[in-house]
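>>> Sequence below, structure please.
(2 chains)
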Number of protein chains: 2
Amino acid sequence: MACKAMVLFSGGVDSATCLALAVEKYGKENVIPLSIRYGQKHEKEIRAAERILARYGVKGIELDLSAVFAYSGCSLLARSEAAVPEAPYAEQIAASGGAPVSTYVPFRNGLFLSCAASVALSLGCRSVWYGAHRDDAAGAAYPDCGEEFFRSMNSAVYEGSGKALRLEAPFIDKNKAQVVAEGLRLGVPYELTWSCYQGGEKPCGVCGTCIDRRRAFEANGVEDPALKLDRPGADK
Amino acid sequence: MACKAMVLFSGGVDSATCLALAVEKYGKENVIPLSIRYGQKHEKEIRAAERILARYGVKGIELDLSAVFAYSGCSLLARSEAAVPEAPYAEQIAASGGAPVSTYVPFRNGLFLSCAASVALSLGCRSVWYGAHRDDAAGAAYPDCGEEFFRSMNSAVYEGSGKALRLEAPFIDKNKAQVVAEGLRLGVPYELTWSCYQGGEKPCGVCGTCIDRRRAFEANGVEDPALKLDRPGADK
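Prediction:
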């Protein structure tokens, strides 16, 4: 039996690159993407995920875990009245004083990886992939993107599954510019991705993640296709 | 601010004892039980949980994660046609040849602890308690009850939460008889608990968990109150 892999797939730059890497390694027929609604302001990222999967010809799974965050005041959630900060992460980290940034969703990646582990075991997968990278972990902005978290979570999944499943985080020691470099090599359809945390009609360009992805593309000498706002077929 | 704790609370013997221990330590006003529906055949355990919480005068939270297990063939799930084995765990372990037993729900405890971590962080808790014990981990029957899993998961929760939250597993090095001994000291209302995996009108007495709990009470020289089948007020 072919080795199957599950990929946490939000529809953004990092997870789209992660998906492309898994498809390159295992073949698209052996990759199962999992996309999760959790009450995020930018739930339209899930539609981006669907468009990307259609492009790859891969069938994904969607789950809704919104109820888990019914008590959270995190600014990334639609239920919260707090605004998504319009500042680079470096400024947000300086302002938070070593605590996670306001768009940190409580233990989100732990929950998503656990959820993926449960589904992956049910479907006979041997690994769960996710696109965490060094820039997101920097300054403890998103502690559930860091290497210490990944090592522990990987061990928890391995031990808790009876040594049947492992996590893969191929970008854990890379920065976002390196992720994009890998994605450009792989031909990821970045024009279909969605990142902006505001979830408006067009990317705001000023939230932490809009700034991060623009810089990552600039570092590779290309324009971020998501910022070509007047492109035909842009999301409505 | 008082130190608040979340307790994974299924309505069975182990988690009821865990709840009582947390209430003893923090006071009932600082304990938040979390009960989870996941498509289990014995979903009536949730009603047992509700009755126990009413006795303690503690308000709990309920979540439904059934959708996560929509692809699982685990015999503990109502969606599965596989029967719950009617045999002691020692026999089930011998038959499974080192793999988890058929009532192992894929990475269930990892998922539940992650879910509890997300909710606990939202509500300002500093710890998440759960009632895993040595007997459940024995022979790799339930690998997500073992010490290796617990240590890794605890580290994942601690690192992934920005060092804000820890797990507590007070029975991780105890057997079920010792759990019951602790519960008898604490006056846990065991007559209100539900364990049987068959989820019928009355406990079957022959599934692994029925056998385990009867033996745990016997080791303490008392009758399992859940097996007093004709008690007034027994669950209907």
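
>>> Could you pick out the longest strand of chain A?
Using DSSP state E, we find that the single longest strand of chain A is strand A:31-37.

>>> what pairs with that one, and is each one parallel or antiparallel?
strand A:4-8 (parallel), strand A:61-64 (parallel) (DSSP bridges).

>>> what's the last one in contact with?
Residues external to strand A:61-64 that are found in contact with it (CB atoms under 8 Å, 6 or more residues apart in numbering or on different chains): A:32-38, A:46, A:115, A:119, B:67-68. C-betas here are computed from N, CA, C, even on glycine.

>>> Farthest-apart pair in these, please.
The two members of the contacts of strand A:61-64 with the most space between them (CB to CB) are A:32 and A:38, at 19.1 Å.

>>> just to revisit the earlier point, highest mean neighbour count out of the strands paired with strand A:31-37?
Highest mean neighbour count of the strands paired with strand A:31-37: strand A:4-8, a mean of 24 (counted as mean count of other CB atoms under 10 Å in any protein chain shown).

>>> of all the strands paired with strand A:31-37, which lies closest to residue B:144?
The closest of the strands paired with strand A:31-37 to residue B:144 is strand A:4-8. By CB to CB, the value is 17.9 Å.

>>> mean confidence for the helix or strand following that closest one?
For strand A:4-8, the following helix or strand on the C-terminal side (DSSP states H and E) is helix A:13-26. When pLDDT is averaged along helix A:13-26, the result is 98.

>>> Give me the angle between helix A:13-26 and strand A:4-8.
Using axes from the mean of the first three to the mean of the last three CA atoms, to 10 degrees, one finds that helix A:13-26 and strand A:4-8 are set 170 degrees apart in direction.

>>> Next, the buried residues of helix A:13-26.
Buried positions in helix A:13-26, judged by neighbour count with 16 or more other CB atoms under 10 Å in any protein chain shown: A:13-23, A:26.

>>> can you pull out the helices in chain A?
A:13-26, A:44-56, A:89-96, A:108-122, A:134-137, A:147-160, A:176-186, A:208-219 (DSSP state H).

>>> and those, which is most packed in?
Comparing the helices of chain A by mean neighbour count (mean count of other CB under 10 Å), helix A:108-122 ranks first with a mean of 27.

>>> now stretch A:101-108: how far from the chain's centre is it?
From the chain centre to the centre of stretch A:101-108 is a distance of 13 Å (CA atoms, centre = their mean, to the nearest Å).

>>> quick one on the thing from earlier: could I have the CA atoms of the longest strand of chain A written out in CSV?
This file holds the C-alpha atoms of strand A:31-37, laid out as CSV (Å, rounded to 0.1, in the frame of the first residue of the first chain):
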residue,chain,number,x,y,z
VAL,A,31,-2.1,13.2,-0.1
ILE,A,32,-5.1,14.2,2.0
PRO,A,33,-5.4,17.9,2.9
LEU,A,34,-7.4,18.9,6.0
SER,A,35,-8.8,22.4,6.2
ILE,A,36,-10.3,23.7,9.4
ARG,A,37,-12.8,26.4,10.1
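
>>> hmm, back to that, for the helices of chain A, could you give me CSV that also reports distance to chain B?
What follows is the helices of chain A, written out as CSV (distance: least, CB to the nearest CB, whole Å):
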stretch, distance to chain B
helix A:13-26, 17
helix A:44-56, 15
helix A:89-96, 10
helix A:108-122, 4
helix A:134-137, 10
helix A:147-160, 4
helix A:176-186, 20
helix A:208-219, 17
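
>>> right, so of those helices, which gets closest to residue B:58?
Nearest to residue B:58 among the helices of chain A is helix A:108-122 (24.2 Å), distances taken as CB to CB.

>>> Quick one: mean pLDDT over the closest one.
Mean pLDDT, computed over helix A:108-122, is 98.

>>> Return the distance of it from the chain's centre.
Counting by CA atoms, centre = their mean, helix A:108-122 is centred 14 Å from the centre of its parent chain.

>>> That one versus strand A:4-8: what angle between them?
Between helix A:108-122 and strand A:4-8, the angle comes out at 160 degrees (the same axes, to 10 degrees).
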